[in-house]
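Visitor: Would you be able to build a 3D model of this:
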Amino acid sequence: MENLKEYFKIATRNLQTRSLRSWLTILGIIIGVFLIISLLSLSQGLKKTITQQLRSLGSETIFIMPGDFSNPMSMFMSGSKLDKEDIDVIKRTRGIESILTMAYQSLITRYGEEGKSILIEGLSWEEGREILEKFQGWTLKEGRWPIPGQREVVIGKQVETEVFKKPVKIDSEITIKGKKFKVVGILNSLGSKQDDTSIVLDLPIYQNLTREKRGTAQSAMVKVREGSDVNKVAEDIKENLKATRKRRAGTDVADFSVITSEKMGEIAGSILMLIQVAVFAFASIAIIVGGIGIMNTMFTSVRERTREIGIMKAIGATNNAVLAIFLMEAGIIGFGGGIGGTILGILAAKLLEAYSRINPIFYLNSSVTPGLILFGLFFSFFVGSLAGFFPARKAATLKPVEALRRYE
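Guide: Take a look at the predicted model:
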């Protein structure tokens with residue numbers, strides 16, 4: 001133990017004599033660990049948030065949306081809509097208790113003298129409010145819910161204070177496409193910028209405003225009756241939609257995804273897992289590059305200190321002692337980079353989380369666990385020690401006479 005302390009002092013002193021080179025080598029490890037800690041903590045936090053939100057929906061909800069859910073681009077590019085016949089077919093499917101139909105479009109909205117393009121959502125208050133409150137977690141910060149059929153709206157949390165220069169208040173009026181609407185409610189945050197910067201009104205009024213065909217919708221969410229098999233109901237909805245579309249179009253058109261909340265969670269989890277693997281792979285490359293830097297530094301150190309090594313071995317230093325000193329130098333560089341990268345990674349993740357609360361594209365949560373921190377430190381120390389092993393072994397196997405003769 002005493003010998004190890006002495007070796008550690010020698011290793012530390014050697015690094016201090018080459019402080020600039022040591023710090024540049026440490027920087028390579030810091031960058032890799034920084035990427036691992038920050039990106040993995042954010043992706044893990046995002047995964048946890050999505051899982052919680054999906055769990056809050058309950059296992060008895062089914063979503064019908066345009067495009068292929070496993071291919072997000074198709075969902076954005078698809079122009080498909082559910083028409084009145086589609087919605088009636090869904091309603092008639094055995095096991096359905098209630099349905100919430102939704103439509104949305106960005107429209108110019110004026111408040112006072114100011115005009116903005118804002119996402120306007122049309123929802124069926126009469127049929128779907130229970131789903132919104134119980135399964136989507138919609139709650140009012142202030143005011144009340146609109147009366148179905150009336151020109152009344154609720155606004156997202158950010159519309160109240162951040163979209164317009166003047167705060168939007170309860171009972172004030174906003175103008176959408178030249179039509180005046182009364183603000184009767186302000187929503188609590190729904191967890192995304194899209195929802196928090198939107199204005200919601202009754203679906204029939206939305207369809208009159210946008211001149212969309214009455215009874216149509218872009219997506220729907222249904223609540224399954226208690227005791228019904230959710231997967232069986234979802235399959236029935238899909239088959240019924242295919243049948244009614246085949247009757248109308250003459251072909252077996254399937255341009256909508258019908259998925260349960262459980263299936264949505266599995267798909268989202270798989271996508272996030274792939275993201276985490278990709279993040280780890282890219283960050284690991286940065287650490288490996290840092291490890292190569294350590295190896296290069298240590299080989300250079302062996303060449304520069306050949307005479308010193310010869311003297312150490314001439315006065316009795318064993319191969320194991322020299323090996324230990326050089327391994328400790330490499331390990332200190334790796335571990336030091338791990339500490340710096342971990343601290344910076346945690347700070348970056350927390351700063352991004354805080355920034356997303358102030359000016360969100362979507363709300364980010366970071367999940368910094370003790371296991372993640374220990375992994376970052378251990379991995380950097382391991383890479384540092386591994387990178388230093390071959391230079392250390394070269395130093396340990398130098399023969400004293402040859403080492404001293406080389407620098408006579």
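Visitor: check contacts around Glu121.
Guide: By CB atoms under 8 Å, 6 or more residues apart in numbering, the contact list for Glu121 reads 102-104, 198-201, 206. All C-beta atoms are positioned from the backbone trio N, CA, C, and that covers glycine.
Visitor: Quickly note the distance from it to Leu209.
Guide: 12 Å (CB to CB, to the nearest Å).
Visitor: okay, and the common contacts of the two?
Guide: What both Glu121 and Leu209 touch, as defined by CB under 8 Å, 6+ apart, is the set Leu201.
Visitor: Show me the contact partners of stretch 343-355.
Guide: Against stretch 343-355 from outside (CB under 8 Å, 6+ apart): 30, 33-38, 41-42, 45, 364-366, 368, 373, 376.
Visitor: now, the most widely separated pair of those?
Guide: Ile30 and Asn365 (24.5 Å; CB to CB).
Visitor: quick one, which of these two is more surrounded?
Guide: Ile30 (25 against 20; other CB atoms under 10 Å).
Visitor: Let me know the pLDDT of Lys134.
Guide: Here, the pLDDT recorded for Lys134 equals 72.
Visitor: Pull out the buried positions in the longest strand that the chain contains.
Guide: For the chain, the strand with the greatest residue count under DSSP state E is strand 96-111. By 16 or more other CB atoms under 10 Å, the buried positions in strand 96-111 come out as 96, 98-104, 107, 109-111.
Visitor: What's the separation between Leu374 and Met264?
Guide: Leu374 is 33 Å from Met264, by CB to CB.
Visitor: Which one's more surrounded, those two?
Guide: With neighbours defined as other CB under 10 Å, Leu374 and Met264 compare such that Met264 has more, 19 against 12.
Visitor: The more buried one - that's part of a strand, no?
Guide: No - looking at Met264 with DSSP: H, G, I helix; E, B strand; the rest coil, it is helix, so not inside a strand.
Visitor: I figured it hits Ile62, correct?
Guide: No - Met264 is beyond contact range of Ile62, at 9.6 Å (criterion: CB atoms under 8 Å).
Visitor: just the helices in the stretch 301-408 of the chain please.
Guide: 306-314, 319-358, 370-396, 400-406 (DSSP state H, counting those that start in this stretch).
Visitor: where does the stretch 251-400 of the chain dip in pLDDT?
Guide: 251-255, 265, 267-268, 302-310, 313, 357-364, 398, 400 (pLDDT under 70).
Visitor: picking up where we left off before, list buried members of the contacts of stretch 343-355 by neighbour count.
Guide: 30, 33-38, 41-42, 45, 364-366, 368, 373, 376.
Visitor: Next one: Trp145 relative to Trp125, how far apart?
Guide: On the measure of CB to CB, Trp145 and Trp125 end up 7 Å apart.
Visitor: between those two, who's got more neighbours?
Guide: Trp125 (23 against 16).
Visitor: any idea how far that one lies from Lys141?
Guide: Plainly put, Trp125 is 18 Å away from Lys141 if you go by CB to CB.
Visitor: Pull the contacting residues for the closest residue to Ala349 other than its chain neighbours.
Guide: Leaving aside its sequence neighbours, Ala349 sits nearest to Ser366 (CB to CB, 6 or more residues apart in numbering; 3.8 Å). Neighbouring residues of Ser366 by CB under 8 Å, 6+ apart: 41-42, 44-45, 349-350, 352-353.
Visitor: switch the cut-off to 7 Å
Guide: 41-42, 45, 349-350, 353 (CB atoms under 7 Å, 6 or more residues apart in numbering).
Visitor: from those, which single one is nearest Met328?
Guide: Using CB to CB, Ser41 is the member of the contacts of Ser366 that sits closest to Met328, with 29.8 Å.
Visitor: Touching, that closest one and Leu372? I think so.
Guide: Yes - under the criterion of CB atoms under 7 Å, Ser41 makes contact with Leu372 at 6.2 Å.
Visitor: what comes into contact with stretch 159-178?
Guide: Contact partners of stretch 159-178, identified using CB under 7 Å, 6+ apart, comprise 107-112, 114, 116, 118, 120, 142-143, 155, 180-184, 186, 197, 199, 209.
Visitor: Which positions within it qualify as buried?
Guide: With burial defined by 16+ other CB under 10 Å, the residues of stretch 159-178 counted as buried are 159-160, 163-164, 168, 174, 176.
Visitor: what do you get for stretch 221-233?
Guide: 221-224, 228, 230, 233.
Visitor: how far is that stretch from where the chain is centred?
Guide: 30 Å (CA atoms, centre = their mean, to the nearest Å).
Visitor: One more: stretch 105-113?
Guide: The answer for stretch 105-113 is 31 Å, by CA atoms, centre = their mean.
Visitor: Now tell me what touches it from outside.
Guide: The contact list for stretch 105-113 (CB under 7 Å, 6+ apart) reads 115-120, 164, 166, 168, 174-177, 199, 210.
Visitor: rerun at 8 Å
Guide: 115-120, 164, 166, 168, 172, 174-177, 199, 209-210.
Visitor: ok, the residue nearest to Ala349 to Ser189 distance?
Guide: 18 Å.
Visitor: now do Ser301
Guide: Distance from Ser301 to Ser189, by CB to CB: 55 Å.
Visitor: Of these two, which one has the most company?
Guide: Ser301 (25 against 16).
Visitor: Looks like Lys48 contacts Thr369 (just checking).
Guide: No - the criterion here is CB under 8 Å, and Lys48 misses it with Thr369 at 10.4 Å.
Visitor: Run through the residues that contact Gly143.
Guide: 154, 170, 183-186.
Visitor: Grab the nearest non-local neighbour of it.
Guide: Gly185 (3.6 Å).
Visitor: Could you confirm the one you found falls within a helix?
Guide: No - counting by three-state DSSP, Gly185 is not found in a helix; it is strand.
Visitor: Name all residues that make contact with it.
Guide: Contacts of Gly185 by CB under 8 Å, 6+ apart are 140, 142-146, 153-155, 170.
Visitor: Throw together a PyMOL command that grabs the buried residues out of those residues.
Guide: Of these, the buried ones go into a single PyMOL selection, burial set by 16+ other CB under 10 Å:
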select buried, resi 143+145+146+153+154+155
